[in-house]
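Undergrad: need coordinates for the following:
(2 chains)
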Amino acid sequence: MQIEIKNKFLRKLGLQSINYLYLLPIIALILFVFLYPIAYGIYISFTNFSLTHFFNATVVGFTNYALLFKSGLIYPIILQTLIWTVGSLVPMVLLGLLVANILNQKGFKAKGPLFTLILLPWAFPAFISLLIWADMWNTHFGIINQFLGLFGIHQINWLFKTVPAWIALIVTNLWLSFSYYTTFFLSSMQSIPEEFHEAAKVDGANMFQRFSKVTWPAIKGAIAFAAISGFIFTWNNFYPIYILTGGGPGTSTYSLTVYAYNQAFDFYNYALGSAFSVVSIIILAVMAIVMLKYTKVLDMLT
Amino acid sequence: MNINKYKVFDILRWTISYIIIGLVVLFAIFPLYYIVLTSFSKLSSISNLTIGSLIPSLSNFTLSAYQYVFNSQFMLWLRNSLVLAVGTLAVAVTVAFVSGVALSRLNISGKKSLIVFLYILTFFPFTSIVIPLFLSFSTLGLTNNYVGLILIYASGTAIFGAYMSKIFIDSIPKEYEEAAMVDGQSRFKAFFTILFRIARPVVIFIALLAFIGAYTDYAVINVFVSKGSLYTLMLGLYHVSALGGTSAVGAVNLNVFSAFSLLMGLPIVAFYIIFQKYLTQMYTMSGTK
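TA: You can find the predicted model right below:
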């Protein structure tokens, strides 16, 4: 009897460990490429690691963090990260919703080919697209200023003045991402049975009532999910700012992520860069958890 | 009377709809139209660009930019890019699928926490790990080495992919692999023959993400590779177009840059259009489950 129970227990334990073997590869990858570097990064942020202290870095406690907050530089950069994230996300989601709604109308002709054209910005490699846009925003020769010139608008110094630089960044980012939101919303709308719209029509609901009573409740969850993932993605999205403005003019368009990368790989200030990354992740994680709790998206995941 | 009112409204609705979609399509295709035209032009510098360059003309047509690209080390860079992209794809798909099966089908304690943990890991930007990874890789001698790069690229996709596979496999009835197991196949074999076939949309999705991630990376490889013989298309594009820094310099060799960009980007566009059905299905699934 005793032995039998013991055997059963051992068998169960054995089966459990075999089950864990399936997860071994991903756990190994996470440890090697995520957890260890993250821990190491946190450690570096407490040292004076830089090009001048490459081989003899020492632990300096909270010096980097004190520098970060005392110099005051971090506050505008946090604010800019928020401008970048919210400023990009709102137009993306709205344009995505608008285009998806239009394409979803019953009887829309040439939907397939038009949708494929709208998909192009998402499909073309984003990094190359950004180089093209950098070219198009060029002050003296760029095609955008030449086009505006036709209407008598004088050359705008797009990437070297704060307000135009933000406009350029947000328009470019809108171009890069609105296709994704359109696709996402369109396919959640297509999962709504046609009869729902018909029934609302019979009841005399107009276009806007149909949207608020039929479409909206059905895609609410999808929008919440897209907005939260989009928030996290945009907060961390480094290429647009890095390529278009490099954080300039001055430091007026830096986001936390771009500033951290620049500090590390352009100025070899690894410790300060790491400290910026740590602050960025803490702020992002707090906001993401609040949003996830509030919208209950996390319940859908598990 | 009433019918007339509806008709007017309908015409108005469709007119506005097509105008908006027309403008959106113009916005979407303009940058690509611009590089297609400049790639077949003699415009060697952005300073020669005029608004008239936007109108295609036969007298300006030339293939010289494409010749220039093929006379560079394009084929070497292409090979390197493919090695990296296919390597990343293989590792990412394997790891993601195996983990997805385990998270969906196997009895593992702490599974829920692990899934939430995987989701939270996707919050971390690569910039937060690229500094420590660079430092530890350089002490290990793993810089200028594709193995290290493949592991870095694959891990990001594999984490997201594991989580997507889990969601997808949840939607497949258990009877499929149970039937195979009754027929005498082992559990392992049943998972990887039956499930793998049914889960084709998610497998293609992960493969595509992994391939594109590695193929178009600049920020990571720029830090980890300095040897010219290991350059990928992305680094080659910089090299050939003589792009100075990264900040708003604009392309110097405009037509060469355009030709190179198209040669590099169009295959990816083709993948997107071919596999659009799977991509849409998976992205929708991730959000509306």
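Undergrad: now do the contacts for A:I132.
TA: B:P31, B:Y34, B:I35, B:S261 (C-beta atoms under 8 Å, 6 or more residues apart in numbering or on different chains). C-beta here means a position set from N, CA and C on the backbone, and glycine is covered the same way.
Undergrad: for the last one, what are its contacts?
TA: Read it as B:S261. A:I128, A:L131, A:I132, B:I35, B:S39, B:L237.
Undergrad: mind doing that once more with 10 Å?
TA: Contacts here follow C-beta atoms under 10 Å, 6 or more residues apart in numbering or on different chains; on that basis B:S261 touches A:124-125, A:127-129, A:131-132, B:32, B:35-36, B:38-39, B:69, B:233, B:237, B:241, B:251.
Undergrad: do I have it right that B:S57 meets B:S41?
TA: Yes: counting by C-beta atoms under 10 Å, B:S41 is a contact partner of B:S57 at 9.0 Å.
Undergrad: those two: who's more crowded?
TA: Of the pair B:S57 and B:S41, B:S41 is the one with more neighbours under other C-beta atoms under 10 Å in any protein chain shown, namely 22 against 10.
Undergrad: so which residues of chain B form helices?
TA: For chain B, applying DSSP state H gives helices covering B:2-39, B:64-71, B:74-105, B:111-121, B:126-140, B:146-170, B:175-182, B:187-190, B:196-198, B:200-215, B:219-224, B:233-240, B:254-274, B:276-288.
Undergrad: need those in JSON lines (columns: mean pLDDT).
TA: JSON lines is the format used below for the helices of chain B (pLDDT from 0 to 100):
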{"stretch": "helix B:2-39", "mean pLDDT": "90"}
{"stretch": "helix B:64-71", "mean pLDDT": "89"}
{"stretch": "helix B:74-105", "mean pLDDT": "94"}
{"stretch": "helix B:111-121", "mean pLDDT": "81"}
{"stretch": "helix B:126-140", "mean pLDDT": "82"}
{"stretch": "helix B:146-170", "mean pLDDT": "90"}
{"stretch": "helix B:175-182", "mean pLDDT": "79"}
{"stretch": "helix B:187-190", "mean pLDDT": "78"}
{"stretch": "helix B:196-198", "mean pLDDT": "87"}
{"stretch": "helix B:200-215", "mean pLDDT": "92"}
{"stretch": "helix B:219-224", "mean pLDDT": "88"}
{"stretch": "helix B:233-240", "mean pLDDT": "88"}
{"stretch": "helix B:254-274", "mean pLDDT": "91"}
{"stretch": "helix B:276-288", "mean pLDDT": "72"}
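Undergrad: of all the ones you listed, which one is nearest A:I232?
TA: Nearest to A:I232 among these is helix B:111-121 (10.0 Å), distances taken as C-beta to C-beta.
Undergrad: the closest one versus helix B:74-105: what angle between them?
TA: 150 degrees (axes from the mean of the first three to the mean of the last three C-alpha atoms, to 10 degrees).
Undergrad: contacts for helix B:111-121, please.
TA: Contacts made with helix B:111-121 from outside it, assessed by C-beta under 10 Å, 6+ apart, are listed as A:19, A:23, A:26-27, A:30, A:34-35, A:38, A:229, A:232, A:285, A:288-289, A:292, A:297-298, A:301-302, B:99, B:102-104, B:108, B:110, B:155-156, B:158-160, B:162-163, B:166-167.
Undergrad: that helix vs helix B:146-170, what angle?
TA: For helix B:111-121 against helix B:146-170, the angle by the same axes, to 10 degrees is 130 degrees.
Undergrad: next, the buried residues of helix B:111-121.
TA: Within helix B:111-121, the residues scored as buried using 16 or more other C-beta atoms under 10 Å in any protein chain shown are B:K111, B:L114, B:I115, B:L118, B:Y119, B:L121.
Undergrad: likewise stretch A:37-46?
TA: Within stretch A:37-46, the residues that count as buried by 16+ other C-beta under 10 Å are A:P37, A:I38, A:Y40, A:G41, A:I42, A:I44, A:S45, A:F46.
Undergrad: let me know how buried B:R197 is, in neighbour terms.
TA: Other residues within reach of B:R197, judged by other C-beta under 10 Å, total 10.
Undergrad: surely it and B:V203 touch.
TA: Yes: judged on C-beta under 10 Å, B:R197 makes contact with B:V203 at a distance of 9.2 Å.
Undergrad: residue in the stretch 101-250 of chain A with the shortest distance to chain B?
TA: A:G246 (3.0 Å; C-beta to the nearest C-beta).
Undergrad: rewinding a little: got the helices of chain B as JSON lines, with distance to A:N237 columns?
TA: Putting the helices of chain B into JSON lines (distance: least, C-beta to C-beta, whole Å) gives the following:
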{"stretch": "helix B:2-39", "distance to A:N237": "18"}
{"stretch": "helix B:64-71", "distance to A:N237": "29"}
{"stretch": "helix B:74-105", "distance to A:N237": "20"}
{"stretch": "helix B:111-121", "distance to A:N237": "17"}
{"stretch": "helix B:126-140", "distance to A:N237": "10"}
{"stretch": "helix B:146-170", "distance to A:N237": "14"}
{"stretch": "helix B:175-182", "distance to A:N237": "39"}
{"stretch": "helix B:187-190", "distance to A:N237": "39"}
{"stretch": "helix B:196-198", "distance to A:N237": "33"}
{"stretch": "helix B:200-215", "distance to A:N237": "14"}
{"stretch": "helix B:219-224", "distance to A:N237": "11"}
{"stretch": "helix B:233-240", "distance to A:N237": "17"}
{"stretch": "helix B:254-274", "distance to A:N237": "19"}
{"stretch": "helix B:276-288", "distance to A:N237": "17"}
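Undergrad: looking at those, which is nearest to A:Y242?
TA: When the helices of chain B are compared by C-beta to C-beta, helix B:219-224 sits nearest A:Y242, at 7.6 Å.
Undergrad: might you calculate how far that closest one sits from the centre of the chain?
TA: Helix B:219-224 has its C-alpha centroid displaced from the chain centroid by 17 Å (C-alpha atoms, centre = their mean, to the nearest Å).
Undergrad: against A:Q263, how distant is the residue of the stretch 101-250 of chain A closest to chain B?
TA: Noted for A:G246: a distance of 13 Å to A:Q263, by C-beta to C-beta, to the nearest Å.
Undergrad: show me what contacts B:V91?
TA: So B:V91 contacts A:P25, A:L29, B:I150, B:L151, B:Y153, B:A154, B:S155, B:T157, B:A158, B:A210 (C-beta under 10 Å, 6+ apart).
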